[in-house]
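[1] the amino acid sequence is not available; the structure is as follows:
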């Protein structure tokens, strides 16, 4: 079947993964380019950590990771590894909050008919891997605590792979992967908040809520001011955000939850005083531009460096780790559970509703992206630390499972998507035709004038 290049309405009903708006394609493409660079840095940081942790200098790596610094009376005397997991990842989840809110407030996914598919697919992609892991570890209560490890998709890692093997795939698939991963991260952080909070301290939590309320009021009331004055956001909003983060950390809830909540608090739409939605990007998008390089270029790679380092113990140790039900459950959950959950849920939607797959691509394309979603790295490593404790044998085996599954998922996705990428390369020139010279491909003429 040849791809259909005829114009479609932006909100075409009944179609799964329709082309969407041209403005949304440009915005998503910019995000994917930044995440691609971040993904490459992520992989490089992880490789350095693994090599260092298995070299004759391995003791120095673990000494650096476990070195403690901070102010103990505020419960902030943490190891460098913990600072990376609790502190730097909060920046990553702040962007998750920004992106998720923008998608549902001003993005293509503000339409329920479009939002339901990636949201449902993300739920399936979380539930099935968790069920597979639980089935494999059912007889061991201690290892069963890691049921949430294979539920997360690493967007930076997955996008970096997609940039290499799928540069000509339809933009709708890329948007689907990005949205799926964002919703996936939200589900993961909800799991962390609900299931990995051992002791809840009410006073710090109430203070955190009060601080969040102040932050929200300022961000909403003075959105134009913070958008125009970058220094004001750094000197006013950032300190309040840090206080909220510290209070959430003290309350017993994982501190990265604060990042998502702070992201949700930032307004998406420009105020009428600033010209309204048509006048340009809102504060959320402005913050996204400011913070994404920090997250992709520093925060996530540093976290990967401190979390990915595991002493494998040579080939024998590696093979021994793979026989552990923890590793087996994670590998099966990510490599098998993710595509089964994502593809199965999407297929059910086509059978139970009037939704149909867009004619511009085939189910094999969606299958390739679903396999790619089995790359679970950043959040999976975080959940493994929370499940088994840093430095334990169980955690080391979990890390081996995460790394192995991520590599296998990337290779399988390459086998599926590389031929499809060659297919779509043949039609890309027609997709980008601009006969009237207005700067917008003719296939997106329904979006002429989109801001």
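    Sure thing, it's come through. Note that the structure is predicted; figures quoted are calculated from it, not measured. Numbers count the residues shown, from 1 in each chain.
[2] can you give me the helices in the stretch 251-400 of the chain?
    256-265, 283-294, 300-308, 314-322, 325-332, 338-352, 363-372, 378-388, 393-431 (DSSP state H, counting those that start in this stretch).
[3] can you lay out those helices as TSV showing mean pLDDT and distance to residue 152?
    Where you see a C-beta, it was placed from the backbone N, CA and C, and this is true even at glycine. Putting those into TSV (pLDDT from 0 to 100; distance: least, Cβ to Cβ, whole Å) gives the following:
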stretch	mean pLDDT	distance to residue 152
helix 256-265	91	12
helix 283-294	86	19
helix 300-308	89	13
helix 314-322	81	20
helix 325-332	95	11
helix 338-352	91	10
helix 363-372	91	14
helix 378-388	89	4
helix 393-431	86	9
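[4] okay, those helices in JSON lines with distance to residue 228 next?
    Below are the helices of the stretch 251-400 of the chain laid out as JSON lines (distance: least, Cβ to Cβ, whole Å):
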{"stretch": "helix 256-265", "distance to residue 228": "19"}
{"stretch": "helix 283-294", "distance to residue 228": "9"}
{"stretch": "helix 300-308", "distance to residue 228": "29"}
{"stretch": "helix 314-322", "distance to residue 228": "53"}
{"stretch": "helix 325-332", "distance to residue 228": "47"}
{"stretch": "helix 338-352", "distance to residue 228": "41"}
{"stretch": "helix 363-372", "distance to residue 228": "39"}
{"stretch": "helix 378-388", "distance to residue 228": "33"}
{"stretch": "helix 393-431", "distance to residue 228": "37"}
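[5] do you know which of those lies nearest residue 99?
    Ranking the helices of the stretch 251-400 of the chain by their distance to residue 99 (criterion: Cβ to Cβ) puts helix 283-294 first, at 6.8 Å.
[6] residue 230 is nearest to which of the helices of the stretch 251-400 of the chain?
    Comparing those by Cβ to Cβ, helix 283-294 comes nearest, at 6.8 Å.
[7] state the distance from the closest residue to residue 285 other than its chain neighbours to residue 264.
    For residue 285, ignoring the flanking residues on the chain, the nearest one in space by Cβ to Cβ, 6 or more residues apart in numbering is residue 102 at 6.6 Å. Separation of residue 102 from residue 264 (Cβ to Cβ, to the nearest Å) stands at 10 Å.
[8] looking at the two, which is more packed in?
    residue 102 (23 against 17; other Cβ atoms under 10 Å).
[9] pLDDT wise, what is residue 312 at?
    Looking at residue 312, its pLDDT reads 79.
[10] just residue 144 next, same as before
    Value for residue 144, per-residue pLDDT: 93.
[11] what residue ranges in this protein score low on pLDDT?
    For the chain, the stretches with pLDDT under 70 are 1-36, 107-109, 113, 167, 270-280, 355, 357-360, 427-451.
[12] can you show me the strands along this protein?
    15-16, 68-69, 78-79, 356-357 (DSSP state E).
[13] please state the offset of the third one from the chain centre?
    When you say that, I think you mean strand 78-79. Centre-to-centre, strand 78-79 and its host chain are 25 Å apart (Cα atoms, centre = their mean, to the nearest Å).
[14] all helices of the stretch 51-200 of the chain, in order?
    Using DSSP H, counting those that start in this stretch, helices in the stretch 51-200 of the chain cover 58-65, 80-82, 89-105, 112-136, 141-144, 155-165, 171-195.
[15] ok, which of these comes nearest residue 367?
    helix 171-195 (10.9 Å).
[16] give me the helices and strands touching that closest one, please.
    helix 22-53, helix 89-105, helix 112-136, helix 155-165, helix 256-265, helix 363-372, helix 378-388 (3 or more Cβ pairs under 8 Å, 6 or more residues apart in numbering; DSSP states H and E).
[17] one more time with 6 Å
    helix 22-53, helix 89-105, helix 112-136, helix 256-265, helix 363-372 (3 or more Cβ pairs under 6 Å, 6 or more residues apart in numbering; DSSP states H and E).
[18] which residues touch the third one?
    When you say that, I think you mean helix 112-136. Helix 112-136 has contacts (Cβ atoms under 6 Å, 6 or more residues apart in numbering) with 13, 16, 108-109, 147, 150-151, 176, 179-180, 183-184, 187, 325, 328-329, 332-333, 337-338, 340-342, 345-346, 373.
[19] can you check the second one too?
    Where contact means Cβ under 6 Å, 6+ apart, the residues beyond helix 89-105 that reach it are 109-110, 182, 185-186, 245, 255-256, 258-260, 262-264, 268, 284, 288, 291-292, 295, 299-300, 303.
[20] likewise for the fourth one?
    Identification of contacts with helix 256-265 by Cβ under 6 Å, 6+ apart yields 89-90, 93-94, 96-98, 101, 189, 193, 212, 215-216, 219, 241, 244-245, 248.
[21] change it to 7 Å
    86, 89-91, 93-98, 101, 186, 189, 192-193, 212, 215-216, 219, 241, 244-245, 248 (Cβ atoms under 7 Å, 6 or more residues apart in numbering).
[22] between that helix and helix 89-105, how big is the angle?
    Per axes from the mean of the first three to the mean of the last three Cα atoms, to 10 degrees, the angle that helix 256-265 makes with helix 89-105 is 40 degrees.
[23] isn't residue 240 up against residue 214?
    Yes. Here residue 240 reaches residue 214: they are 6.1 Å apart, a contact under Cβ atoms under 7 Å.
[24] more neighbours, those two?
    residue 240 (17 against 14).
[25] how about that one, nearest residue that isn't a chain neighbour?
    In space, residue 240 is closest to residue 215, 4.7 Å off (Cβ to Cβ, 6+ apart).
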